[in-house]
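Asker: predicted model and sequence below, questions to follow.
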Amino acid sequence: MVKVLGPMMSFEASGTIGKIATFSKWKGRPYVRQRVVPANPKSPLQVSTRAILRFLSQAWIDVDPTPQGSWEDLAAAAQISPFNAYIGRNGSRFREFQAPSQTYPAAETGTPAVATFDSATGGPSYADLAFTITTLNDVWGAMLFRSLTGTFTPSRGNCIAVIPVDNTGALVYTDSNLDAGDYYYDAKFFSKEGLLDADEGEQMATVT
């Protein structure tokens, strides 16, 4: 950051000139910096990281008071809120390709859901994934995976979504903004205590 005096031959300047330099103020002092175009990278790991953070932040409100309270000691030790402790620790678990947990520490227990991956149906720029859950047991959510090649191994690098499972037993997800071609999908369900189940088996969708 460069401090400037009398920017643009005036007492004050703001905005961008010539798509090169941006003038502004910081703590009351005028400065100029190189113009930067905001980016929205979508590497596989960035996509999966956003997916788990979105799931965790939206799911917290529905976590019961007792498991929410289990994060208080960890939060106090780090001088952060229980919510931030829950986000941080579960984010770390996901980086190790472990399931998130509603409680701390994760017991990695629970009875997996009884579910089937029924179909992956392609359409114009999208694919619809459909699951049937016959027995919910201790299920909390599902990780969804996508690959351009069949017989792939689900991993954090090909996780495209982490979605909640409610008590209806029906689960549908639409994967959109896809180029035409064949896509292979798989899924793993996980429990409220952080147990990651085996994968459900692949389905293929042809996107037009």
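Answerer: Right, received. Where do you want to start? Numbering: from 1, shown residues only.
Asker: which residues in the protein form strands?
Answerer: 2-3, 15-17, 21-26, 29-34, 114-123, 126-135, 139-147, 159-164, 170-176, 181-191, 196-199, 203-207 (DSSP state E).
Asker: which residue ranges make up the domains of this protein?
Answerer: Each domain of the chain is listed here as a residue range: 2-34, 44-95, 114-207, per automatic domain parsing.
Asker: need the winner for burial among these.
Answerer: domain 114-207 (a mean of 17; mean count of other CB atoms under 10 Å). Quick note: C-beta positions are derived from backbone N, CA and C, even for glycine.
Asker: how near is the spatially most central residue of the chain to Pro67?
Answerer: Nearest to the geometric centre of the chain sits Ala51, at 1.2 Å (CA atoms, centre = their mean). Distance, Ala51 to Pro67, by CB to CB, to the nearest Å: 22 Å.
Asker: how about Asn90?
Answerer: From Asn90 to Pro67 the distance is 12 Å (CB to CB).
Asker: about what we covered before: state the distance from the residue nearest to the centre of the chain to Val114.
Answerer: Counting by CB to CB, the gap from Ala51 to Val114 is 24 Å.
Asker: which strands or helices does the longest helix anywhere in the chain pack on?
Answerer: If you go by DSSP state H, the chain has its longest helix at helix 44-59. Secondary-structure packing of helix 44-59 (3 or more CB pairs under 8 Å, 6 or more residues apart in numbering; DSSP states H and E): helix 82-95, strand 139-147, strand 159-164.
Asker: mean confidence for it?
Answerer: Model confidence over helix 44-59 averages 96 on the pLDDT scale.
Asker: report the angle between that helix and helix 82-95.
Answerer: 150 degrees (axes from the mean of the first three to the mean of the last three CA atoms, to 10 degrees).
Asker: contacts for helix 44-59?
Answerer: With CB atoms under 8 Å, 6 or more residues apart in numbering as the test, helix 44-59 has contacts from 86-87, 90-91, 94, 100, 140-141, 156-164.
Asker: who's Phe117 bridged to?
Answerer: Note on Phe117: beta-bridge partners by DSSP bridges are Phe131.
Asker: so for Thr66, what's the nearest residue that isn't a sequence neighbour?
Answerer: What sits nearest to Thr66 in space, not counting adjacent residues and going by CB to CB, 6 or more residues apart in numbering, is Thr103, at 8.0 Å.
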